[in-house]
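Q: Here is the input, now give the coordinates:
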Amino acid sequence: MPVTYEYLKEWRKRNPDKVREQNKRYAERNREKLNIKNKKWRDANPDRSKEHRQRHVAKNPDIYRSRDLKRTYGITIEERDAMFKAQGSRCGICRRDEATSWHVDHCHTSLKVRGILCNRCNLGLGYFKDDPRLLRAATSYLFEHKKS
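A: Got it, this is the predicted structure:
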């Protein structure tokens, strides 16, 4: 009995785990070939490629956040969450427990992670270029011009 397209299609529907495993083994054996093929497709279809990536990022935000945390700061999501919990689940500066977004604060020279900050405090440090002298000068300025 010859194998038909319809038969293979049905078999793939009934055996998704086997198909996934076959695809995985094929990808491992042909990584370089697939990379070249995929790059050609992306180069030939930049709009569709961008659209596909955006959909994938939207469907899998944790995968991308995890990868970005590891690549940028050398920490995992679990380590970030533990750090935030150790701070009392509050901003490391203003101590608020609600924010529009939370940011991993780090030294821009050593890249050492310092803590988790709310959006406002993170922007504030950024505007002052993480310079303690500028922050002290700003504090002095505010105290000098404080309304009585």
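
Q: Do you know the pLDDT at Pro2?
A: Pro2 is assigned a pLDDT of 77 by the prediction.

Q: ok, residues contacting the strand or helix carrying Met83?
A: In the assignment (DSSP states H and E), Met83 maps to helix 77-86. Residues outside helix 77-86 that contact it (CB atoms under 8 Å, 6 or more residues apart in numbering) are 62, 65-66, 69, 75, 102, 104, 113, 115-116. Yep, even glycine has a C-beta here, placed from its N, CA and C like the rest.

Q: Of those residues, grab the buried ones for PyMOL.
A: Here is the PyMOL command that selects the buried residues among these (16 or more other CB atoms under 10 Å):
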select buried, resi 66+69+75+104+113+115+116
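
Q: Can you lay out the contacts of helix 77-86 as a markdown table showing pLDDT and distance to Asn23?
A: Converted to a markdown table, the contacts of helix 77-86 look like this (pLDDT from 0 to 100; distance: CB to CB, whole Å):
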| residue | pLDDT | distance to Asn23 |
| --- | --- | --- |
| Asp62 | 90 | 22 |
| Arg65 | 92 | 26 |
| Ser66 | 93 | 23 |
| Leu69 | 94 | 28 |
| Ile75 | 95 | 32 |
| Trp102 | 95 | 37 |
| Val104 | 96 | 35 |
| Val113 | 95 | 37 |
| Gly115 | 96 | 42 |
| Ile116 | 97 | 38 |
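
Q: Among the contacts of helix 77-86, which one sits closest to Lys33?
A: Ser66 (27.8 Å; CB to CB).
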